[in-house]
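Asks: what shape does this take:
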Amino acid sequence: MATIRDVATRARVSTATVSAVVNDSAYVSPELRTRVLAAISELNYAPSQAARSLKRGRSQLLALVVADLANPFFARLVWAAEAAVAAWGYSLVLFNSDEKPENERRILARIRALSCDGIILVPVDVVSTQPQRDSEGEPIPTVLFGRTVEGQNTDTITIDNVAAARQVTNYLMDLGHTRIGTITGPLHLTTGRGRLEGMLEAMRARGLTPAPNHIRAGEFREDIAYSVARELLTQPEPPTAIYVANGVMALGVMRALADLSLKCPDDISIASTDTIPGIGGLRPRLTRTEHPVIDMTNEALRLLVDRINRGSGADARNIVFQPSLVVGESCAPHKS
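Replies: Purely as a prediction, here's the structure:
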């Protein structure tokens with residue numbers, strides 16, 4: 001995306017001259033105006049209407065980009081952000097990328113056009129997502145939520161995914177389970193990768209290794225988790241316990257158990273990472289790690305507003321929240 005500085009460089013004029021031409025706010029000689037207009041055309045420069053009207057002021061808009069609005073975890077994030085953002089004097093603009101990188105790229109372009117003052121982003125494209133810049137070429141304050149992007153020096157709010165998986169896996173092993181399977185999230189995401197690493201780390205500490213066919217990808221989707229759970233549970237030697245890497249997938253796993261006429265925890269123990277509204281109402285009550293979504297959201301807003309006020313010069317801050325294990329009724333001691 002071309003910036004006003006790119007146009008100024010191409011036209012060999014100052015950014016003030018480009019601004020004067022774009023906003024028709026001051027006299028510019030015909031020769032310079034022609035050069036600026038030619039550069040704008042060549043670079044396909046498109047300053048936002050908001051940027052023109054605000055003249056580099058603030059829009060008082062914050063963008064929240066979630067990865068999957070159908071996931072109750074992100075719905076709770078939206079609720080918490082909407083409840084808190086007005087206290088900071090801002091309004092919230094909500095976007096859903098639906099876990100699709102092409103949607104994320106389109107959304108970020110739209111955010112630049114709206115001249116949002118800052119972004120809370122649950123990143124999907126963790127490889128090519130780059131720090132965002134406004135039409136003036138200045139960095140747009142951004143806080144990454146729940147996931148990180150390798151090599152990007154950006155404020156982040158995350159949960160300790162490795163610790164969450166370790167807590168659950170240790171609990172299952174304390175019950176005597178050694179044949180533990182897992183349904184993972186996408187391994188290109190730090191959430192999916194960290195939770196698998198935590199499970200494997202906990203098992204290695206006790207001299208255990210899961211069978212390769214007991215590790216399945218569920219992509220953080222209920223329908224996919226349902227399908228792979230059926231595959232896991234109908235193997236000749238299925239796991240005696242399954243660690244499910246998020247709450248949405250746990251719903252799919254419990255549905256698969258019901259369709260296979262299996263009882264939890266009599267036939268198999270199930271535990272998960274993640275908090276979604278209503279999951280505590282499952283019968284049996286699910287053993288899981290809880291994530292402080294409201295506290296995480298409030299901290300993300302605090303970091304973002306502070307970044308907006310302080311500018312981009314300060315070092316990035318990475319805040320990691322700790323999960324807590326909630327023991328339900330979905331796990332039982334292994335029957336020898």
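Asks: for N246, which non-adjacent residue is closest in space?
Replies: The shortest distance from N246 to any non-neighbouring residue, by C-beta to C-beta, 6 or more residues apart in numbering, is to D274 (4.0 Å). The way it works is simple: take the backbone N, C-alpha and C, and place the C-beta from them, glycine included.
Asks: the closest residue in space to S336 that isn't next to it in sequence: which element?
Replies: Nearest in space to S336, with sequence neighbours left out and distances taken as C-beta to C-beta, 6+ apart, is G176 at 7.6 Å. Per DSSP states H and E, G176 falls between elements, in no helix or strand.
Asks: pLDDT score assigned to G176?
Replies: On the pLDDT scale, G176 is placed at 98.
Asks: swap in the one 4 residues further on?
Replies: Model confidence at I180, given as pLDDT, is 98.
Asks: so it touches D174, yeah?
Replies: No - using C-beta atoms under 8 Å, I180 is not in contact with D174; the gap is 11.8 Å.
Asks: more neighbours: which of those two?
Replies: Neighbour totals were compared for I180 and D174, and I180 leads with 25 against 11 (other C-beta atoms under 10 Å).
Asks: how near is that one to I268?
Replies: According to C-beta to C-beta, to the nearest Å, I180 stands 11 Å off from I268.
Asks: could you do S261 as well?
Replies: Going from S261 to I268 by C-beta to C-beta gives 12 Å.
Asks: ok, and for stretch 310-326, which residues are buried?
Replies: Buried residues in stretch 310-326, defined by neighbour count with 16 or more other C-beta atoms under 10 Å: 321, 323, 325.
Asks: domain map for this protein?
Replies: Following automatic domain parsing, the chain resolves into domains at 4-47, 57-160+293-323, 161-291.
Asks: for the second one, what is the average pLDDT?
Replies: What it means is domain 57-160+293-323. 90.
Asks: distance from the chain centre to it, please.
Replies: Average the C-alpha atoms of domain 57-160+293-323, do the same for its chain, and the two points are 9 Å apart (C-alpha atoms, centre = their mean, to the nearest Å).
Asks: and for the last one?
Replies: Relative to the mean C-alpha coordinate of its chain, domain 161-291 is positioned 21 Å out (C-alpha atoms, centre = their mean).
Asks: what do you get for the first one?
Replies: Averaged C-alpha coordinates place domain 4-47 at 38 Å from its chain's average position (C-alpha atoms, centre = their mean).
Asks: mind listing what L187 touches?
Replies: Neighbour list for L187: 193, 196, 217 [criterion: C-beta atoms under 8 Å, 6 or more residues apart in numbering].
Asks: before we move on, what about I180?
Replies: I180 neighbours (C-beta under 8 Å, 6+ apart): 169, 172-173, 199, 203, 208, 210, 214, 239-243.
Asks: helices along the stretch 101-250 of the chain, start to end?
Replies: 101-114, 161-174, 190-205, 222-233, 247-259 (DSSP state H, counting those that start in this stretch).
Asks: now render those helices as TSV, adding distance to P141.
Replies: Below are those laid out as TSV (distance: least, C-beta to C-beta, whole Å):
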stretch	distance to P141
helix 101-114	12
helix 161-174	25
helix 190-205	21
helix 222-233	34
helix 247-259	30
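Asks: ok, which of those helices comes nearest E150?
Replies: helix 190-205 (8.3 Å; C-beta to C-beta).
Asks: hang on, T289 in a strand?
Replies: Yes - assessed with DSSP: H, G, I helix; E, B strand; the rest coil, T289 lies in a strand.
Asks: OK, contacts around it?
Replies: T289 touches 164, 167-168, 272-275, 323-326, counting by C-beta under 8 Å, 6+ apart.
Asks: counting contacts, what elements does the helix or strand where D306 lies pack onto?
Replies: Secondary structure from DSSP H and E places D306 in helix 293-310. Under the contact definition 3 or more C-beta pairs under 8 Å, 6 or more residues apart in numbering; DSSP states H and E, helix 293-310 sits against helix 72-85, strand 118-121, strand 142-145, strand 155-159, strand 318-321.
Asks: tell me the buried residues in the strand or helix carrying V7?
Replies: Take DSSP H and E as the rule and V7 turns out to sit in helix 4-11. Counting neighbours by 16+ other C-beta under 10 Å, one finds that the buried residues in helix 4-11 are 4-8, 10-11.
Asks: re the thing from before, hmm, which of the contacts of I180 are the buried ones?
Replies: Those of those that meet the buried threshold are 169, 172-173, 199, 203, 210, 214, 239-243, by 16+ other C-beta under 10 Å.
Asks: adding pLDDT and distance to H291, write these out as CSV.
Replies: Formatted as CSV, the buried ones among the contacts of I180 follow (pLDDT from 0 to 100; distance: C-beta to C-beta, whole Å):
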residue, pLDDT, distance to H291
T169, 98, 17
L172, 98, 19
M173, 98, 22
M199, 98, 17
M203, 98, 23
P210, 97, 24
H214, 98, 25
P239, 98, 25
T240, 98, 26
A241, 98, 21
I242, 98, 20
Y243, 98, 16
